[in-house]
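Asker: Quick check, what structure comes out for this input:
(one chain, ligands or ions: 1)
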Amino acid sequence: MAARAAVLKGLGSYLPPRTVTNDELPRQLDTSDAWIRQRTGIRQRHWADPGVCTSDLAVEAGHRALKSAGIGTSDAVGMVIVATTTPDHPCPATAPDVAARLGLGPAAAFDVAAGCSGFVYALATAAAALTAGYAEHVLVIGAETFSTVLDPADRTTAVIFGDGAGAVVLRGGTCDEPGAILAVDLGSDGTGKDFASIPGGGARERSVRAEPNPDDRYLRMRGKEIFAQAVRRMAHSSATALGKVGWSVDQVDHLVGHQANLRILHALAQQLGMDKQRVVSHIQQAGNTSAASIPLALADAAAQHRFQTHDRLLLTAFGAGLTWGSAALTWPQLTPA
Ligand code: ACO
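Answerer: Residues are numbered from 1 along each chain as shown. Presented below is the predicted three-dimensional model:
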């Protein structure tokens, strides 16, 4: 009998309606459409309106994923995981609120904070829970409102990040079914914690200064160093996941990497020895949506009928922490919502 595995059953996504093209970015940023397109591939991003939080986007995407999975009864989902670096509050976590608003209480609900790798970390956690028989279904949501932590005067971050949410429903199944998560690899290196961070808002802030510095609520990023690490770490993690599942690079039909920069995705493909045609990119439309970027890219590609049932997908991500992770899966028969 085939080994137990988590199987992808539903997929949903949500982008807030307000688009901001490169030309619409604030003038004070001293940037240009040409620079942003050439250095990142980004043409536009979506920013949530004031008052709209990460949970609001997560609920929309979660609702759509449940619809795509055909799940109507609340007791079928035993766990809700929200991967985010921009939670509604430092405490409590965003996931219990999202679960309640989706009518999924009393499901287990918690956040995963692993930067842009958050979705892959959450996927791995969900897969472990399902193979252990903890739940019948798990809802995994990657949701972010990075626009709320961008310094409007910092062109090295303000042009890159966007808001959005993507979600998947996983069920317990077996390895031979299309949609099975067949291997995962996760890793971290905390010595790089200052490469991308939001310095304020935590316990450390109280121990270093009496009064909070308002600028410390903004994301600070050392882009060049992250770029180099991202390519190296994702290539290594991808190779590890492929080794676990026994696939060669040539057998991978689609590379769905974290959407941080189109140049990073192409450099990663080159390092893996894969042609660019197999790289899935959504960054042009949505920017870097951190933990939401992989499910958003999956939903966009699926909506364009880019994936066939049984296709082999490699997901890989790198982000603040530093963290990284990869997952190998086959594509199921599903309609994204
Ligand atoms: N517009 C115009 N010029 C700019 C801009 C801008 N928006 N941003 C930087 N520049 C300038 C710099 O000041 C620099 O000028 P100088 O040569 O006069 O000093 C020049 O452009 C080159 O800057 P670099 O930093 O070398 O540019 P690079 O090609 O590396 O691109 C970028 C910067 C886009 C940030 C890239 O490094 C990148 O994508 N890094 C990865 C980011 C990432 O993966 N983040 C995810 C982790 S964050 C998380 O997990 C929450």
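
Asker: Low-confidence stretches in this structure?
Answerer: 73-75 (pLDDT under 70).

Asker: Wait, residue 291 touches residue 123, no?
Answerer: No: Residue 291 sits out of contact with residue 123 when judged by Cβ atoms under 8 Å, with a separation of 10.6 Å. Where you see a C-beta, it was placed from the backbone N, CA and C, and this is true even at glycine.

Asker: So between these two, which is more surrounded?
Answerer: residue 291 (36 against 30; other Cβ atoms under 10 Å).

Asker: Mind listing what's buried along stretch 100-118?
Answerer: Neighbour-count burial for stretch 100-118 flags 100, 102, 104, 107-118 (criterion: 16 or more other Cβ atoms under 10 Å).

Asker: again, but for stretch 58-74
Answerer: Buried residues in stretch 58-74, counted by 16+ other Cβ under 10 Å: 58-69, 71.

Asker: so which residue of the stretch 51-200 of the chain comes closest to the ligand?
Answerer: Distance from the ligand to each residue of the stretch 51-200 of the chain (Cβ to the nearest ligand atom) is smallest for residue 115, at 3.1 Å.

Asker: and the stretch 1-150 of the chain, which residues reach the ligand?
Answerer: By Cβ under 6 Å from any ligand atom, the residues of the stretch 1-150 of the chain that approach the ligand are 31, 35, 36, 39, 40, 85, 115, 116.

Asker: which stretches of this structure form helices?
Answerer: Using DSSP state H, the helices of the chain run over 33-40, 54-69, 95-101, 118-131, 155-158, 203-208, 223-245, 262-272, 283-286, 293-303.

Asker: Redo those helices as CSV? Include distance to residue 183.
Answerer: Shown next, in CSV, are the helices of the chain (distance: least, Cβ to Cβ, whole Å):
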stretch, distance to residue 183
helix 33-40, 30
helix 54-69, 23
helix 95-101, 25
helix 118-131, 10
helix 155-158, 33
helix 203-208, 36
helix 223-245, 4
helix 262-272, 16
helix 283-286, 25
helix 293-303, 16
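
Asker: Figure out which of these is closest to residue 172.
Answerer: helix 118-131 (4.5 Å; Cβ to Cβ).
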